[in-house]
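J.: Here you go, sequence then predicted model.
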Amino acid sequence: MADGPDITNELPPQQAHRLARMILRTGSTVFTRHARKEMEDDDLLETDVINTISGGLITGPAELGHRGDWCYRIRTQRIAVVFMFRSLEELVVVTAWRERRKG
């Protein structure tokens, strides 16, 4: 997929979400070691994370990650995920956690 958004620049939330859903359908999804550890700590499965990316809301602007990649935070009422794009065909889950209820 040569034609697509320039992932080296911050994408608007709606465009980032659209690209993420497309990659979930047709590309590959990679989980960092940190993401796997956090998922295990919170009893989250890959399907929980993928469903969060598919159906959640990006809750603000992207943040510049440690390696210069743009990271996007997406949430449902129960789960939060931070992901980035390695390419137009590969999405990387940086971390994920179960949201804690306040009070």
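T.: Yes, it's here.

J.: Only the buried residues of stretch 30-40, if you could.
T.: Residues 31-32, 35, 38-39 are the ones in stretch 30-40 that count as buried (16 or more other C-beta atoms under 10 Å). All C-beta spots, glycine's among them, are computed from the backbone N, C-alpha and C.

J.: Kindly apply the preceding question to stretch 61-77 instead.
T.: By neighbour count with 16+ other C-beta under 10 Å, stretch 61-77 contains the buried residues 62, 69-74, 76.

J.: And stretch 38-52, by the same measure?
T.: Residues of stretch 38-52 classed as buried: 38-39, 44, 48-50, 52 (neighbour count, 16+ other C-beta under 10 Å).

J.: Give me the contacts around the top helix by length along the chain.
T.: Among the segments of the chain that qualify as a helix by DSSP state H, the longest is helix 13-26. The list of residues contacting helix 13-26 from outside it, by C-beta atoms under 8 Å, 6 or more residues apart in numbering, reads 4-5, 7, 11, 29, 50, 53-54, 57-58, 60-62, 70, 72, 74, 83, 85, 88-91.

J.: Only the buried subset of those residues, as a ChimeraX command please.
T.: Selecting in ChimeraX just the buried members of these, where the criterion is 16+ other C-beta under 10 Å, is done with this command:
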select :7,11,29,50,53,58,62,70,72,74,83,85,88,91
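
J.: Strands of this protein, start to end?
T.: Across the chain, reading from the start of the chain, the strands by DSSP state E fall at 28-31, 57-58, 63-64, 70-75, 79-85, 90-98.

J.: With distance to Ala16 as extra columns, can I get these in TSV?
T.: As requested, the strands of the chain are exported to TSV (distance: least, C-beta to C-beta, whole Å):
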stretch	distance to Ala16
strand 28-31	15
strand 57-58	6
strand 63-64	12
strand 70-75	5
strand 79-85	8
strand 90-98	10
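
J.: Now render those strands as a markdown table, adding distance to Leu19 and mean pLDDT.
T.: Output for the strands of the chain, formatted as a markdown table (distance: least, C-beta to C-beta, whole Å; pLDDT from 0 to 100):
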| stretch | distance to Leu19 | mean pLDDT |
| --- | --- | --- |
| strand 28-31 | 12 | 97 |
| strand 57-58 | 11 | 96 |
| strand 63-64 | 17 | 94 |
| strand 70-75 | 10 | 97 |
| strand 79-85 | 7 | 97 |
| strand 90-98 | 8 | 97 |
